[in-house]
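Enquirer: When you get a sec, could you give me coordinates for this:
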Amino acid sequence: MFHLIKNANLFSPEAVGLRHLLIAGERIIHIDTEVPTLDDRLDVEIIDVEGASVVPGFIDGHAHITGGGGESGPSSRVPPVKLSEFTLAGVTSVVGLLGTDDITRNTQTLVTQAYGLREEGLSAWCYTGGYHYPLTTLTGNVRSDIAFIDPVIGVGELAISDHRSSQPTLDEFLRVAGDAHVGGLMTGKAGIVHCHMGDGGRGLDLLRRAVEISEIPARVFNPTHVNRNKPLFAEALELTKLGCRIDLTAFPKEHVEPGLSAAEAFIAYREGGYPAELLTMSSDGGGCLPAFNSEGELTRMGVGTSSILPETLGELAGHNVPLEEILPCLTSNVAHLLRLSGKGRLEKGFDADLVVLDQTHKVSHVMARGKWHVRDSAPVILGTYENLKD
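Expert: Okay, here's the model as predicted:
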């Protein structure tokens, strides 16, 4: 089937203006100011969005697709994330990872879940490893995981400055980064080390030293959760001056303190004049959001969800931040960092991953790989086990 989307206020993610998009299969094949003339014999679905904003599908670069948690026993393990939890949030591409629990959950299950999401219509990749060193790998080392396992694009989330980490030394950290970088060179994949940042007093010191003393490109070192506390965020801002890309976590409101919300951090980054292309935002969807006291004891638990991404977009738009400034950290910046070909932009030849926003910037329609997954804010494609009746 062909899909003709008429009268789209298009963001590619740059503001383009009113355009008409023609989609065939999984690709955008035509974008123009004039409605294309099509043969009547073609099977074409026409949807007139009447000037609504049409933006690239969001890329959630940090999600626990197999479920996270486990810090307070087996019953605290979060279930795997369902397909519609992503698509209802406008997420059309996702990168899965392991966290604290890289024992009962492993790279094998992560890769399998990524393939499962692909079968259900999403674009999905994953990292090898988890919080701990030595890394949990499938083939025995990072380079071969990246080279031989299609969904694996790098290492993550390796825990730094956190009481749950393996406290890796600088040499161990550099060895992981070097293997990830070479794996990326061999395959054209991202080859990054996506680093979980905790609340430890050492902050980003390990990453900064790694960048300063090694020959490994700064882009390989990618810290996330950098807005979890204000001193860490201040360090992260300085790290961008060395060329590192940093990732904000869109924490639910009740889990923001003592840090900054993603919206607050975005505004501070923007007002500070830091390079816009070095900033990304992710949800920690499916991951638990624990808080610990000074003894390392769990005091609070929550669960991340991708729905916080469009909520943050709406919050920023409500502060009069233009859409074209917000969108790259959810789309093109992520695609560039992760080297996801055909993703993150709405252009001819790119994948047909798009989101239609209503007047309040909420998700109305979602297309992933050329198929509608959400129409009028309701899922029309469900995951395998979401389809089961009671």
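
Enquirer: Return the backbone torsion pair for His3.
Expert: phi -120, psi 130 (degrees, to the nearest 10).

Enquirer: Tell me how many other residues crowd it.
Expert: 20 (other CB atoms under 10 Å). Backbone N, C-alpha and C define where each C-beta goes, glycine included.

Enquirer: For it, give me its contacts.
Expert: 21-23, 44-45, 47, 352, 367, 370 (CB atoms under 8 Å, 6 or more residues apart in numbering).

Enquirer: For Gly273, see how far away it is.
Expert: 40 Å (CB to CB, to the nearest Å).

Enquirer: picking up where we left off before, would you mind giving me the ChimeraX syntax to select the buried ones in the contacts of His3?
Expert: Listed next is the ChimeraX selection for buried residues among those, using 16 or more other CB atoms under 10 Å:
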select :21,22,23,44,47,352,367,370
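
Enquirer: now the contacts of His3 as CSV including distance to Ala190, pLDDT and secondary structure?
Expert: Compiled in CSV, the contacts of His3 are given as follows (distance: CB to CB, whole Å; pLDDT from 0 to 100; DSSP: H, G, I helix; E, B strand; the rest coil):
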residue, distance to Ala190, pLDDT, secondary structure
Leu21, 28, 98, strand
Leu22, 31, 98, strand
Ile23, 27, 97, strand
Val44, 36, 93, strand
Glu45, 34, 95, strand
Ile47, 34, 97, strand
Ala352, 23, 98, coil
Met367, 25, 98, strand
Gly370, 24, 98, coil
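
Enquirer: Give the rounded mean pLDDT of the longest helix seen in the chain.
Expert: The longest helix of the chain (DSSP state H) is helix 170-187. The average of the pLDDT scores along helix 170-187 is 98.

Enquirer: neighbours around Cys195, how many?
Expert: A count of neighbours around Cys195, defined by other CB under 10 Å, yields 30.

Enquirer: what pairs with the one helix or strand it maps to, and is each one parallel or antiparallel?
Expert: Assigning secondary structure by DSSP states H and E places Cys195 in strand 192-197. With DSSP bridges as the test, strand 192-197 is paired with strand 152-160 (parallel), strand 221-224 (parallel).

Enquirer: With just CA atoms, put the next helix or strand after the last one into PDB.
Expert: So that's strand 221-224. As assigned by DSSP H and E, the chain's next helix or strand after strand 221-224 is helix 230-239. Provided in PDB are the C-alpha atoms of helix 230-239 (Å, rounded to 0.1, in the frame of the first residue of the first chain):
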ATOM      1  CA  LYS A 230      23.200  19.200  39.800                       C
ATOM      2  CA  PRO A 231      27.000  18.700  40.300                       C
ATOM      3  CA  LEU A 232      26.900  15.800  37.800                       C
ATOM      4  CA  PHE A 233      25.100  17.900  35.300                       C
ATOM      5  CA  ALA A 234      27.600  20.800  35.700                       C
ATOM      6  CA  GLU A 235      30.400  18.200  35.000                       C
ATOM      7  CA  ALA A 236      28.600  16.900  32.000                       C
ATOM      8  CA  LEU A 237      28.300  20.400  30.500                       C
ATOM      9  CA  GLU A 238      32.100  20.700  30.700                       C
ATOM     10  CA  LEU A 239      32.500  17.300  29.200                       C
END
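
Enquirer: quick one: helix 230-239 to strand 192-197, angle?
Expert: 150 degrees (axes from the mean of the first three to the mean of the last three CA atoms, to 10 degrees).

Enquirer: picking that back up, could you dump the strands paired with strand 192-197 into a markdown table with mean neighbour count added?
Expert: What follows is the strands paired with strand 192-197, written out as a markdown table (neighbours: other CB atoms under 10 Å):
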| stretch | mean neighbour count |
| --- | --- |
| strand 152-160 | 27 |
| strand 221-224 | 26 |
